[in-house]
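**Student:** Below are the sequence and a predicted model; questions follow.
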Amino acid sequence: MSYVIKAALSSAAHPEHGEITIPFPIPDQEYGHTLELLAGLEIGDALEQDCRVEEQDSWYGVLNVLEGTAVNVDELDYLAKRLDSFCDDEAEQFQAMAHKLGLKDVKDFINLTFCCQRATVITNFPDLETVGRSHFMNLHGGSAKTEELKNLDGIETALLLIDGGGETVTPYGVVYDNGMKLEQVYDGRHFPAYLYDVHPLILSVSSKQKPGDKPDYLYLPTSSQKMERTLRRAGVTGKADLRLQLEFFELPEQVAFALDLDHLERADLSEWNQMCQAVKALSAPEQKKLEAAAMLAMPHGPEEVRRLAENLDQFGFVPGIKTPEEYGRYLIRESGRFQYDENLEGFYDFQGYGLQQMEKEPGQFNTLGYIDYHGTLMLDELLREDPVEQHQGEQSQQIGGLSC
């Protein structure tokens, strides 16, 4: 199954518009197109629960109760992402507790994903040893010391659980809630932080006018539509109202020196998003090359980092070497430029050739290896914004009406 939830959605206000079937989670590259399809039915608002679930298909049968209810499309997407990360045990806990609590609202289902792991579900009574060990782990937040598990009598623990009562029989197993309470982690507007996919940068966003509100989160790179909707959820009215805070940073270390992380209020979100898109597209070796190139070029700001990332083919990088001799050895033996003969090893002047090549190219040794630039532009010109693009940028980059 390529989806967690597949829902046929319609407009309760305009049922004559028909319905559209959407698979969740929505792939990032399909997010904008999905919103366009929903807009054709006059649904898909960033804040309102304006989508009526006509029919849903999911391995999670307990979600059938959503049929006929109103949901927000991003709520369904977030719920699907949360459920997509569940192992089999968590899926049993979620379904059994949802049935026990009689949940029917998508908000409650989202909140259940954050606490269902505390419950114990028995589907195989003959295997009491496993039941007891699982129950012990559930009571201790899913972790335990090796010594504790070694000394644990799983059968006795399971029997104490069963004899204590408090069970509820559900279609998904016999469930014990272990005192679990359905906490309001999701308040119906601000989605809790959750890293579903690989994102090199996560920022919390909030409105300066509403300092007590929960933050929302931008997972960069993202689509312009998703960025706009996140800012709307956060109640941000414009750039002057935007408060940003760094939550997660997994860009190459040297890139951090090019970014003004201490003054995020100055950040241009479009530039940061484009930078993250360029960096995310790089392989692990290419990201290491980017870090070395940043040491050479000394970029300033996300725009220059992006240009560097997009032009890495104009740099040569030999990781791990520290001397001209090692560079010359690499060029003669491993670069493929020459037909190296190992029988003539003692006759090659590796150091001399390395120094000769270094005189022809702007390059340097650093902690990562040797990096050189062989592009046609001057290095500072490569990083500098093109006059045409600069003119376009001055026409005020807008994100859904917000100058951010």
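**Tutor:** The structure has been received and is ready for your questions. Numbers count the residues shown, from 1 in each chain.
**Student:** R229 is in contact with A46, isn't it?
**Tutor:** Yes - at 4.0 Å, R229 counts as touching A46 under the criterion of C-beta atoms under 8 Å. In short, each C-beta sits where N, CA and C put it, glycine included.
**Student:** neighbour-wise, which of these two wins?
**Tutor:** R229 (22 against 18; other C-beta atoms under 10 Å).
**Student:** and the gap between the more buried one and L377?
**Tutor:** 38 Å (C-beta to C-beta, to the nearest Å).
**Student:** Correct me if wrong: A293 contacts L308.
**Tutor:** Yes - look at A293 against L308 with C-beta under 8 Å: they come within range, at 5.6 Å.
**Student:** count of neighbours near H17?
**Tutor:** Neighbours of H17 using other C-beta under 10 Å come to 13.
**Student:** Next up, the contacts around it.
**Tutor:** Neighbour list for H17: 10-11, 40-42 [criterion: C-beta atoms under 8 Å, 6 or more residues apart in numbering].
**Student:** would you turn these into JSON lines with neighbour count and distance to V185?
**Tutor:** Below are the contacts of H17 laid out as JSON lines (neighbours: other C-beta atoms under 10 Å; distance: C-beta to C-beta, whole Å):
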{"residue": "S10", "neighbour count": "19", "distance to V185": "29"}
{"residue": "S11", "neighbour count": "19", "distance to V185": "29"}
{"residue": "G40", "neighbour count": "12", "distance to V185": "33"}
{"residue": "L41", "neighbour count": "20", "distance to V185": "30"}
{"residue": "E42", "neighbour count": "12", "distance to V185": "31"}
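**Student:** Please identify which pair of the residues you listed lies farthest apart.
**Tutor:** S10 and G40 (11.6 Å; C-beta to C-beta).
**Student:** Determine the residues that are contacts of both of the two.
**Tutor:** 17, 20.
**Student:** give me the low-pLDDT residue ranges for the chain?
**Tutor:** 1, 335-336, 338-341, 343-347, 385-404 (pLDDT under 70).
**Student:** Show the contacting residues for E271.
**Tutor:** 301-303, 306.
**Student:** list residues touching both of R229 and A46?
**Tutor:** Contacts common to R229 and A46, judged by C-beta under 8 Å, 6+ apart, are D74.
**Student:** how about the strands in this protein?
**Tutor:** 5-10, 19-24, 51-58, 70-71, 120-122, 168-170, 173-176, 201-207, 216-220, 242-249, 315-319, 363-366, 369-373 (DSSP state E).
**Student:** who touches A39 in this structure?
**Tutor:** Contacts of A39 (C-beta under 8 Å, 6+ apart): none.
**Student:** try S143
**Tutor:** M137.
**Student:** mind listing the helices for the stretch 151-300 of the chain?
**Tutor:** Secondary structure of the stretch 151-300 of the chain (DSSP state H, counting those that start in this stretch): helices at 154-163, 224-233, 253-256, 269-280, 284-297.
**Student:** So which of those helices is nearest Y31?
**Tutor:** Short answer: helix 224-233, nearest of the helices of the stretch 151-300 of the chain by C-beta to C-beta, at 5.7 Å.
**Student:** helices or strands up against the closest one?
**Tutor:** Packing partners of helix 224-233 (3 or more C-beta pairs under 8 Å, 6 or more residues apart in numbering; DSSP states H and E): helix 31-39, strand 216-220, helix 269-280.
**Student:** what distance separates the shortest one from the middle of the whole chain?
**Tutor:** It stands for strand 216-220. The chain centre lies 8 Å from the centre of strand 216-220; the measure is C-alpha atoms, centre = their mean, to the nearest Å.
**Student:** What pairs with that strand, parallel or antiparallel?
**Tutor:** strand 201-207 (antiparallel) (DSSP bridges).
**Student:** Distance from the chain centre to the partner strand, please.
**Tutor:** Worked out by C-alpha atoms, centre = their mean, strand 201-207 lies 13 Å from the chain centre.
**Student:** Pull out the CA atoms of it and give them to me as PDB.
**Tutor:** Provided in PDB are the C-alpha atoms of strand 201-207 (Å, rounded to 0.1, in the frame of the first residue of the first chain):
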ATOM      1  CA  LEU A 201      16.600  22.800   8.700                       C
ATOM      2  CA  ILE A 202      13.600  23.200  11.000                       C
ATOM      3  CA  LEU A 203      12.400  26.600  12.300                       C
ATOM      4  CA  SER A 204       9.700  27.300  14.800                       C
ATOM      5  CA  VAL A 205       7.500  30.200  13.700                       C
ATOM      6  CA  SER A 206       5.100  32.300  15.800                       C
ATOM      7  CA  SER A 207       3.500  35.700  15.800                       C
END
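**Student:** residues in contact with it?
**Tutor:** 193, 195, 213-220, 230-231, 234-237, 241-251, 264, 272, 276.
**Student:** same thing with stretch 314-324?
**Tutor:** Residues outside stretch 314-324 that contact it (C-beta under 8 Å, 6+ apart): 285, 288-289, 292-293, 296, 326-327, 330, 351, 354-355, 358, 361, 363, 365, 368-375, 382.
**Student:** gap between the two ends of that stretch?
**Tutor:** 21 Å (C-alpha to C-alpha, to the nearest Å).
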